[in-house]
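*Asks:* just the structure for this:
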Amino acid sequence: MTRAWLLALLLALGLPAQAAIETYTFETPAQEQRYKDLIDELRCLVCQNQNLADSDAELAQDLRRKTYEMIKAGKGDGEILDYMVQRYGDFVLYRPPLKGTTLALWVGPFLILAIGVGVLMRVISRRRAETNETDDAAALSRVERLLAADKDRKA
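*Replies:* Here you go, the predicted model:
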């Protein structure tokens with residue numbers, strides 16, 4: 001029974017190794033470098049937090065193949081990026097252009113940071129005010145006790 005589990009585990013660990021590895025041949029090293037740069041620049045639309053180079057999704061494989069075909073056809077980087085944006089939108093780019101539709105992508109993080117800093121400053125100032133009030137009340141109470149004790153001693 002233990003051997004069966006061990007065999008099943010070994011077979012399961014070997015499954016990722018059976019994934020198809022894409023190999024593309026290029027005429028020049030410059031074409032290969034362009035290909036690598038482009039698939040690093042383009043976002044996987046399935047994974048969304050990976051570029052095409054790192055993704056194993058089927059769509060990413062298709063986009064890598066299309067990029068390869070366009071490079072082999074003599075298309076420029078701009079043409080390839082324009083094709084991808086036209087087909088999939090600005091989201092396919094890791095660095096989308098600054099325009100009305102992508103303004104939230106560029107300004108949003110800074111706006112959220114500003115709001116967070118504002119809230120933090122407000123919380124800190126309120127806590128300081130509360131601390132000062134309690135410290136003042138404690139000091140006043142201590143002075144009153146000392147005065148009362150002094151009166152009791154004199155009397």
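*Asks:* count of neighbours near Glu22?
*Replies:* Glu22 has 9 neighbours, counted by other C-beta atoms under 10 Å. Just so you know, the C-beta spots here come from the backbone N, C-alpha and C atoms, and that holds for glycine as well.
*Asks:* make sure it is indeed in a strand.
*Replies:* No - using DSSP: H, G, I helix; E, B strand; the rest coil, the assignment for Glu22 is coil, not a strand.
*Asks:* surely it and Gln61 touch.
*Replies:* Yes - using C-beta atoms under 8 Å, Glu22 is in contact with Gln61, at 6.7 Å.
*Asks:* against which helices or strands is the longest helix seen in the chain packed?
*Replies:* In the chain, taking DSSP state H as the definition, the longest helix is helix 103-154. Packing partners of helix 103-154 (3 or more C-beta pairs under 8 Å, 6 or more residues apart in numbering; DSSP states H and E): none among the helices and strands.
*Asks:* figure out how far that helix is from the centre of its chain.
*Replies:* Between the centre of helix 103-154 and the centre of its chain there are 35 Å (C-alpha atoms, centre = their mean, to the nearest Å).
*Asks:* pLDDT averaged over it - what is it?
*Replies:* Helix 103-154 carries an average pLDDT of 83.
*Asks:* ok, now stretch 74-83?
*Replies:* pLDDT averaged over stretch 74-83 gives 91.
*Asks:* which residues sit against that stretch?
*Replies:* 34, 37-38, 41-42, 67, 70-71, 93 (C-beta atoms under 8 Å, 6 or more residues apart in numbering).
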